[in-house]
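J.: Sequence plus predicted model, see below.
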Amino acid sequence: MSELISGKIISAQINEELCLEVKQLKTKGIEPCLAVVLVGEDPASEVYVRNKKRTSEEIGMKSIGHNLPDTTTQRELETLIQSLNADPAVHGILCQFPLPEGLDEKKVIQTIAPEKDVDGLHPLNAGLIAMGIPKFISCTPYGVLQMLKRSGISTSGKNAVVLGRSNLVGRPIATLLSSKGWDATVTVCHSRTSDLAEVTSQADILIAAIGIPEFVKANMVKPGAVVIDVGINRIDDPNKAKGTRLVGDVAFEEVAAKASFITPVPGGVGPMTIAMLMVNTVNAARWQNGLTEMDL
Ligand code: NAD
């Protein structure tokens, strides 16, 4: 049976480190501040935004919410972001996606000042990752790296297979794992990959980020592999009070019996993503005040 990598435990450790860090920054007159922009009333987005606000408060950081109606125009949204870009009291800006239909996410990402882009999605920050000199790393990939590091899992010289090539998750994880310092040999798989099970079976480290419930089965996994499940999928379950439950992209029970390490869903990568958003915001405040980043 494999060892569980708990995102709950690791993110709680990081949040404790952040608490101390924020306290110290406040003694220097610096109060890290995250602005969170939510457009419309998507229930899942409302939950994510609430969680981000709650975690900010828990670590002693300021967060400002901007809730806009779903009738907001592209211009109005960009005007708000520009005003946050210009506000020296705001260190990080996050616009919760998906946006209501008619609004252009790519344009919004490019409107956020790169030095306040705590989601790490601006082309400049994506480019710095590609060049091997990352500044802001998008929160989910950053969380995955911290889980590996803090679980004592070496990636150097290992075969890593990343399932999924999205700009948000798969692509940056693959780029980072192949970069200097992480030094894995990385294969990226996607919806057109042939002989997928053959490729994934070579992985010492397998990262699933495709958004298909319990897609990765035991026959796709090398014995002793490290399996990181990024997927968050809601499936029907008549045995639950709500009638649904969350599962990852990995068939947990059967894969756990074969892997050396595995992340659960929920309680795995999810809580790490919020913790790394907090790290990015604290680092944004540090950089904007001429300090170096936190040592994680
Ligand atoms: P996405 O839909 O943007 O990308 C999915 C990727 O999977 C695509 O690159 C596609 O080519 C690939 N894919 C689809 N079907 C495939 C198949 N049969 N075989 C191989 N590859 C296939 O999704 P995303 O934004 O990258 O998110 C992926 C999953 O991670 C989702 O379940 C999402 O909810 C979850 N997620 C979790 C967190 C977190 O905090 N834990 C954060 C972001 C996303």
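T.: Sure, I can see it.

J.: drop to CA atoms for contacts and neighbour counts, all remaining ones
T.: Fine.

J.: okay, now the residue nearest to V255 when sequence neighbours are not counted: neighbour count?
T.: Leaving aside its chain neighbours, V255 sits nearest to A218 (4.7 Å; criterion: CA to CA, 6 or more residues apart in numbering). Neighbour count of A218, defined by other CA atoms under 10 Å: 20.

J.: For G243, grab the count of nearby residues.
T.: G243: 10 neighbours (other CA under 10 Å).

J.: my bad, should have said F215
T.: Neighbour tally, F215, other CA under 10 Å: 16.

J.: so what pLDDT did M1 get?
T.: Note on M1: pLDDT of 81.

J.: ok, now which ones touch it?
T.: Applying CA atoms under 8 Å, 6 or more residues apart in numbering to M1 gives the contacts A256, A257, K258, A259, S260.

J.: switch the cut-off to 10 Å
T.: If you count contacts by CA atoms under 10 Å, 6 or more residues apart in numbering, M1 has them with G224, E253, E254, V255, A256, A257, K258, A259, S260, F261, I262.

J.: Tell me the one among the residues you listed nearest to the ligand.
T.: Nearest to the ligand among the contacts of M1 is I262, at 13.8 Å by CA to the nearest ligand atom.

J.: Flag every residue of this protein that's near the ligand.
T.: Listed as neighbours of the ligand in the chain under the rule CA under 6 Å from any ligand atom: 140, 163-166, 168-170, 189-191, 209-211, 230-233, 269-270, 273.

J.: Now tabulate the contacts of M1 in TSV and tack on pLDDT, distance to I59 and neighbour count.
T.: Shown next, in TSV, are those (pLDDT from 0 to 100; distance: CA to CA, whole Å; neighbours: other CA atoms under 10 Å):
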residue	pLDDT	distance to I59	neighbour count
G224	98	36	17
E253	97	34	12
E254	98	37	14
V255	98	35	25
A256	98	33	24
A257	98	36	16
K258	98	37	20
A259	98	34	23
S260	98	33	19
F261	98	29	22
I262	98	28	26
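
J.: What residues of stretch 66-86 count as buried?
T.: Residues of stretch 66-86 classed as buried: D70, L77, E78, I81, L84, N85 (neighbour count, 16 or more other CA atoms under 10 Å).

J.: can you tell me which of those residues lies nearest to L34?
T.: L84 (10.0 Å; CA to CA).

J.: Please identify the helix or strand for the closest one.
T.: Using DSSP states H and E, L84 sits in helix 74-86.

J.: And the contacts of that helix?
T.: 34-35, 37-39, 66, 68, 73, 87, 90-95, 102-105, 107-117.

J.: With just CA atoms, put it into PDB.
T.: Extracted in PDB, the C-alpha atoms of helix 74-86 (Å, rounded to 0.1, in the frame of the first residue of the first chain):
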ATOM      1  CA  GLN A  74     -14.900  43.700 -20.900                       C
ATOM      2  CA  ARG A  75     -14.000  47.400 -20.700                       C
ATOM      3  CA  GLU A  76     -15.400  47.800 -17.200                       C
ATOM      4  CA  LEU A  77     -13.500  44.700 -16.000                       C
ATOM      5  CA  GLU A  78     -10.200  45.900 -17.600                       C
ATOM      6  CA  THR A  79     -10.700  49.400 -16.000                       C
ATOM      7  CA  LEU A  80     -11.100  47.800 -12.600                       C
ATOM      8  CA  ILE A  81      -7.900  45.700 -13.100                       C
ATOM      9  CA  GLN A  82      -6.000  48.800 -14.300                       C
ATOM     10  CA  SER A  83      -7.000  50.700 -11.200                       C
ATOM     11  CA  LEU A  84      -5.800  47.700  -9.000                       C
ATOM     12  CA  ASN A  85      -2.500  47.700 -11.000                       C
ATOM     13  CA  ALA A  86      -2.000  51.300 -10.100                       C
END
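
J.: Show me how far that helix is from its chain's centre.
T.: Offset of helix 74-86 from its chain centre (CA atoms, centre = their mean, to the nearest Å): 24 Å.

J.: need the helices for the stretch 151-296 of the chain, in chain order.
T.: Along the stretch 151-296 of the chain, the stretches classed as helices by DSSP state H, counting those that start in this stretch are 170-178, 196-200, 252-256, 269-288.

J.: E17 is nearest to which of the ones you listed?
T.: Proximity to E17 (CA to CA) singles out helix 269-288 among the helices of the stretch 151-296 of the chain, at 9.5 Å.

J.: Return the alpha-carbon coordinates of the closest one using PDB.
T.: Below are the C-alpha coordinates for helix 269-288, written out as PDB (Å, rounded to 0.1, in the frame of the first residue of the first chain):
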ATOM      1  CA  VAL A 269      -3.500  19.100  -4.600                       C
ATOM      2  CA  GLY A 270      -6.600  21.300  -3.900                       C
ATOM      3  CA  PRO A 271      -5.600  22.800  -0.600                       C
ATOM      4  CA  MET A 272      -2.000  23.300  -1.900                       C
ATOM      5  CA  THR A 273      -3.300  25.500  -4.700                       C
ATOM      6  CA  ILE A 274      -4.700  28.100  -2.200                       C
ATOM      7  CA  ALA A 275      -1.600  27.900   0.000                       C
ATOM      8  CA  MET A 276       0.600  28.700  -3.100                       C
ATOM      9  CA  LEU A 277      -1.600  31.700  -4.000                       C
ATOM     10  CA  MET A 278      -0.900  33.000  -0.500                       C
ATOM     11  CA  VAL A 279       2.900  32.400  -1.000                       C
ATOM     12  CA  ASN A 280       2.700  34.200  -4.400                       C
ATOM     13  CA  THR A 281       0.900  37.200  -2.800                       C
ATOM     14  CA  VAL A 282       3.400  37.400   0.100                       C
ATOM     15  CA  ASN A 283       6.300  37.200  -2.500                       C
ATOM     16  CA  ALA A 284       4.600  39.900  -4.600                       C
ATOM     17  CA  ALA A 285       4.600  42.200  -1.500                       C
ATOM     18  CA  ARG A 286       8.200  41.300  -0.800                       C
ATOM     19  CA  TRP A 287       9.400  42.000  -4.300                       C
ATOM     20  CA  GLN A 288       7.400  45.200  -4.600                       C
END
